[in-house]
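Q: Dropping the sequence and predicted coords here.
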Amino acid sequence: MIKNKIGMITWLRDNFPESKPGTEISRKAVRHLKKNEKKQLFSDEISQMRAAEGRWYESLIYEQVLELSLKSPEIKYVVRKGADAPYPPIPIKPGQNGLFYSNRGDINIRGNGQDIAEVDLLIIDKNDQIGFAEIVTSSSDLKEFEDEVLYKKRLLGYLFGQITVPFILFSSVDISRSSIILRLTRETESVLIVTRTCEELKSGLNRSAIKGLARKPVTHKKLVDLVSLQPKRPFDYKKVHDLRRDKVMNAILSGEKIEQFNKKDEIPPLSKKILFGALYPSGIKALMKDLSFSVKDKIYTSENIRKDFTKIILAVDLPGYEPIIYLRSRHKKEYLKVVQKKSGGFRAESKRTPRMTGFFVWLESLEPVLGSRITRKYAESFMKSK
């Protein structure tokens with residue numbers, strides 16, 4: 001057992017039910033699913049079923065924590081989510097900073113209008129300390145998951161003025177022996193709760209049992225929404241981002257190594273990535289001098305890249321400073337995200353469209369500021385040679 005002095009997460013770990021949930025609470029969890037997801041919960045298409053099952057499992061944990069909160073003096077509030085979240089949510093706008101709901105009731109933290117983090121569950125203890133939970137149904141991508149959890153701890157700690165942030169990891173698969181999970185749960189105020197598998201938990205449900213379940217909010221004395229839970233420490237994400245960007249740009253121009261970039265400083269640890277800016281033609285030429293990559297079998301080089309893309313933006317992911325290139329399509333309203341492979345080459349990973357409102361608007365606002373010198377320094381600092 002993990003020794004922990006924090007009452008709320010210790011209490012939940014010790015009192016979370018090990019038995020299979022009853023039909024009533026299992027059905028309650030279904031109300032958070034969209035119409036299509038309810039159908040897919042028992043689909044013969046495995047990928048669709050797993051996705052809907054994962055969403056249902058997350059909702060089941062929420063319902064169980066909500067039920068348990070009535071028995072625990074350690075839990076003061078549970079934050080509304082899913083079907084219980086206010087609707088419609090506040091529309092996304094550039095410059096937004098704080099906690100907001102998505103269209104489906106997910107809890108998001110926004111910085112300059114973009115979603116910089118999403119948490120599966122927020123709980124407030126009797127001392128008004130905020131804690132969060134993540135809910136997983138797979139043992140894949142745990143390294144990336146670890147980075148996300150540590151970032152959320154830093155972010156919530158900063159926003160709510162807490163030295164430590166209680167964290168609970170709920171899992172329907174036994175990941176207790178994973179070195180990554182062992183490392184995570186060694187973190188101060190962190191616990192793992194392994195439940196029964198999704199198949200076992202869902203076995204009390206069938207297609208007929210979930211018919212007629214409306215997506216309606218409930219009244220509950222320990223439920224609060226995000227309006228009453230905004231950061232104690234107001235923040236300007238764009239301002240913090242620009243401070244970090246300028247510091248890193250000065251560092252690479254001075255020839256500093258990446259290892260020196262993560263030294264503690266006075267800049268709040270809020271930024272997930274740095275957008276350095278768009279390239280002048282001289283910057284494009286310097287970037288593409290020894291670089292090529294393919295998209296749908298078309299190979300891009302310095303000679304043809306500007307035929308299909310009107311703007312090239314340099315960025316890095318934090319905290320590892322992995323390079324990212326965003327390419328503005330000439331023919332569609334979208335950006336192509338290009339990342340570096342382990343082998344050193346580059347590949348197109350995904351697209352950024354207007355649906356990602358805050359981030360897309362931010363990318364659109366970036367003007368050419370990077371010439372050949374800073375672009376070469378960027379490549380030397382962050383791009384692995386082939």
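A: Okay, I see it.

Q: residue boundaries of the helices in this structure?
A: Per DSSP state H, the chain carries helices over the ranges 7-15, 23-30, 35-40, 46-69, 142-159, 179-186, 198-202, 237-253, 281-287, 305-308, 357-365, 372-382.

Q: Tabulate those helices (TSV), appending mean neighbour count and distance to residue 210.
A: Every residue, glycine included, has its C-beta placed from N, CA and C. Output for those, formatted as TSV (neighbours: other Cβ atoms under 10 Å; distance: least, Cβ to Cβ, whole Å):
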stretch	mean neighbour count	distance to residue 210
helix 7-15	18	27
helix 23-30	18	5
helix 35-40	16	6
helix 46-69	20	9
helix 142-159	18	29
helix 179-186	15	32
helix 198-202	16	10
helix 237-253	17	40
helix 281-287	19	53
helix 305-308	14	47
helix 357-365	18	33
helix 372-382	18	49
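
Q: and residue 295, which of these is closest to it?
A: Closest approach to residue 295 among the helices of the chain (Cβ to Cβ): helix 305-308, 8.4 Å.

Q: Which elements pack onto the closest one?
A: Applying 3 or more Cβ pairs under 8 Å, 6 or more residues apart in numbering; DSSP states H and E, one finds that helix 305-308 contacts strand 322-329.

Q: Which elements pack onto the strand it packs on?
A: Packing partners of strand 322-329 (3+ Cβ pairs under 8 Å, 6+ apart): helix 305-308, strand 309-317, strand 335-340, helix 372-382.

Q: by contact count, what packs against the longest one?
A: Applying 3+ Cβ pairs under 8 Å, 6+ apart, we find helix 372-382 packed against helix 237-253, strand 273-279, helix 281-287, strand 309-317, strand 322-329.

Q: Model confidence for residue 309, exactly?
A: On the pLDDT scale, residue 309 is placed at 94.

Q: same check, this time on residue 344
A: Looking at residue 344, its pLDDT is 75.

Q: ok, it to residue 381 distance?
A: Using Cβ to Cβ, to the nearest Å, residue 344 is found at 15 Å from residue 381.

Q: Also residue 320?
A: Taking Cβ to Cβ, one finds residue 320 at 13 Å from residue 381.

Q: try residue 67
A: Per Cβ to Cβ, residue 67 is found 52 Å from residue 381.

Q: and the worst-scoring helix or strand of the chain on mean pLDDT, which strands flank it?
A: Least confident helix or strand of the chain, by mean pLDDT, DSSP states H and E, is strand 293-295 with a mean of 80. Here strand 293-295 has these sheet partners by DSSP bridges: strand 298-300 (antiparallel).

Q: Any idea how far the strand it pairs with is from the middle of the chain?
A: Centroid separation for strand 298-300 versus its chain: 31 Å, with Cα atoms, centre = their mean, to the nearest Å.

Q: and if you look at stretch 24-41?
A: Offset of stretch 24-41 from its chain centre (Cα atoms, centre = their mean): 23 Å.

Q: shaky segments in the stretch 1-150 of the chain?
A: Where the stretch 1-150 of the chain drops to pLDDT under 70, the residues are 1-6.

Q: For residue 201, give me its contacts.
A: 20-21, 26, 57, 60, 172, 195 (Cβ atoms under 8 Å, 6 or more residues apart in numbering).

Q: Find the centremost residue of the protein, please.
A: The residue lying closest to the centre of the chain (Cα atoms, centre = their mean) is residue 117, at 3.9 Å.

Q: If it is in a bridge, with which residues?
A: Judged by DSSP bridges, the bridge partners of residue 117 are residue 109.
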